[in-house]
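when you get a sec, could you give me coordinates for this:
(one chain, ligands or ions: 2)
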Amino acid sequence: MSQPQPPSRLLVMKFGGTNMQSAHAIRHSASLAGRSVREGVKVVVVVSAMAGVTNGLLHLADAAQSGDIARANDEIAALRTRHFTAAQELGAAPDSETVRELRELHETLRQAVYGVYLLRELTPRSRDLIVAFGERLSAPLMSLALEQSGLRARHLTGGEAGILTDTNFGNARPLPGTYERVGDRLSGFLSAGVTPVIAGFMGETEQGAITTLGRGGTDFSATIVGKALGADEVWAWKDVDGVMSADPRVVGDASNIGVLSYGEVMELAYFGAKVLHPLAVTPLQDSGIPLRVKSAADPDFAGTLVRSQAEEIPGRPVKAVTAIKNVSLLTVTGAGVLGVPEVIASVFTAIARENITLLMVSQSSSMSNVSLAVPSADAARALQALRAGLSSELNVEETNGVAVLAIVGSGMRGQQGVSARLFTALASEDINILMISQGSSELNISVALSGEEVDRATAAVHAAFTLSQPVGA
Ligand SMILES: Nc1ncnc2c1ncn2[C@@H]1O[C@H](COP(=O)(O)OP(=O)(O)O)[C@@H](O)[C@H]1O
Ligand SMILES: N[C@@H](CC(=O)OP(=O)(O)O)C(=O)O
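Ligands and ions are numbered 1, 2, ... in the order given. This next block holds a predicted model:
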């Protein structure tokens, strides 16, 4: 009598732009997925665009809108060469299905861009259609690499995979029905032994218009799929060892963090750690599905495990330091602010109406002013909204060239002396603090300071909390 087989493990694997940047990188990424498939694990692959392609698409869309169709066409031609070269290096014949599909996608992209040029209008909807071509073009390359390695694969757009979103183009959110749809659409492939390859970063509206989930959104696509399928784990393969104690490009001796809670990762991502999308862990929170951030260059290294429970490490209240650059401070002043909660309410209403991220808020104790930190890209809109929404007795001043630095770690909860250590580190570098805030969850303390000083500040704070020493060393 045959023994009942244990259910096979299911992993969702996300490959970012660096892991998709060339035929060589794609082949290596496919081998990482293939290794698990050959061990009997069911794998769903979610891919980003080849590194640099998303920015290229945004530039060419802007060029078309401003009437420079020649530049837009040059950039489309460069993208075309890059994708065809990769396909060829991966072994696609000139008359293959992959080459035909890439040709069709480039032709559709060219038409969409020409439409923007004719109208001289680039709406958030048309920008999403254009920018999503990066992932639509990379997914067939990953399918090809998987097939060349002997696996069966099938690539799908986010919408074809079942990701249904609202109509908030550029920053869309999955609708509740998504999870069931994704589960229904992918389970057939998995039970037939086919590895689905999903173009990340995108979904589609109920009317079938393509939406994107915000920059870095492929992490979010992967966790949406992970939740939908009840995956055992979601693995985000990166060009770094895992989530590090600081951006390794800023702090050379940053160390890998072994375990982080969902809450800690959200704080880090919110405060600028580009390594994960700020909402990436949200689909996993209810089910407790773990997320692993792993290095494609060192696949046997454990990387960072992100799970419900934080790891309390004695003597390490802070796990990481991170920063957001290009921030502006908007300060509302005037007699009217004094003791008038309605003013505070209208400040928040004006900002919320514009859907602007508030990075920090502080109010002086006399209530004679309120300061807001917002991304500089949104500052003009925020300023306009505040001026329109507030009484004319109030002044709004703008300070540009600011950065927000944050320290993050669950161990700072109820722990004295953490902020003193932060301020001492900054003071010893002669760095002036413009604003201070601590979340009530006590998972982070953030300060606003001059953008010119932020890298020096990050290094000083990293050293003050001895974060270069790996835990347990
Ligand atoms: N705390 C951090 N830990 C790890 N990487 C970080 C951190 N902060 C910023 N980064 C940057 O994030 C990059 C990885 O994110 P990203 O390029 O979006 O990944 P991918 O495109 O591979 O998914 C790293 O190259 C690193 O420079
Ligand atoms: N390509 C998109 C989505 C993404 O997640 O990319 P990456 O994984 O390379 O950060 C972007 O650049 O925003």
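
which residues of the stretch 251-400 of the chain score low on pLDDT?
335-340, 365-367 (pLDDT under 70).

now the residue of it found nearest ligand 2, what's its secondary structure?
The nearest approach of the stretch 251-400 of the chain to ligand 2 comes at residue 277, 6.7 Å away (CB to the nearest ligand atom). Quick note: C-beta positions are derived from backbone N, CA and C, even for glycine. Secondary structure assignment for residue 277 (DSSP: H, G, I helix; E, B strand; the rest coil): coil.

what sits against it?
Counting by CB atoms under 8 Å, 6 or more residues apart in numbering, residue 277 touches 213, 214, 215, 216, 217, 218, 219, 220, 269.

so the most centrally placed residue in the chain versus residue 43, what's the distance?
By CA atoms, centre = their mean, the chain has its centre lying nearest to residue 277, at 2.5 Å. Residue 277 sits 21 Å away from residue 43, going by CB to CB, to the nearest Å.

correct me, but residue 456 touches residue 431?
Yes. Look at residue 456 against residue 431 with CB atoms under 8 Å: they come within range, at 7.1 Å.

what does this structure put close to ligand 1?
For the chain, the contact set with ligand 1 under CB under 6 Å from any ligand atom comprises 16-19, 48, 216, 238-240, 243-244, 246-249, 273-275, 320, 322.

try 5 Å this time
16, 17, 18, 238, 240, 243, 244, 247, 249, 273, 274, 275 (CB under 5 Å from any ligand atom).

give me the neighbour count for the fifth one.
This means residue 240. Residue 240 has 20 neighbours, counted by other CB atoms under 10 Å.

re earlier: in terms of neighbours, single out the busier of residue 456 and residue 431.
residue 431 (20 against 16).

so the more buried one: helix, strand or coil?
Going by three-state DSSP: residue 431 is coil.

contacts for stretch 368-377, please.
324, 326-333, 335, 337-338, 343-344, 347, 351, 356-364, 382, 400, 402, 404, 435, 448.

give me phi/psi at residue 404?
phi -110, psi 130 (degrees, to the nearest 10).

contacts only, for the closest residue to it other than its chain neighbours.
Spatial nearest neighbour of residue 404, excluding adjacent residues (CB to CB, 6 or more residues apart in numbering): residue 324 at 4.7 Å. Under the criterion of CB under 8 Å, 6+ apart, the neighbours of residue 324 are 271, 272, 359, 375, 403, 404.

what subset of the residues you listed is buried?
Judged by neighbour count, with 16 or more other CB atoms under 10 Å as the criterion, the buried members of the contacts of residue 324 are 271, 272, 359, 375, 403, 404.

how close does the fifth one sit to residue 459?
What it means is residue 403. On the measure of CB to CB, residue 403 and residue 459 end up 13 Å apart.

helix/strand/coil for residue 260?
strand.

would you confirm that residue 196 contacts residue 45?
Yes. Assessed by CB under 8 Å, residue 196 is found in contact with residue 45 at 7.0 Å.

who has more neighbours out of the two?
Set side by side, residue 196 and residue 45 show unequal neighbour counts under other CB under 10 Å, the larger going to residue 45 at 30 against 27.

the more buried one: which element?
Taking DSSP states H and E as the definition, residue 45 sits inside strand 42-47.

residues making contact with the helix or strand following that strand?
Following strand 42-47 in sequence order, the next helix or strand is helix 53-65 (DSSP H and E). Outside helix 53-65, the residues that touch it by CB under 8 Å, 6+ apart are 17, 48-49, 69, 71-72, 75-76, 78-79, 82, 113-114, 116-117, 120-122, 126-127, 130-131, 133-134, 137-138, 201, 215.
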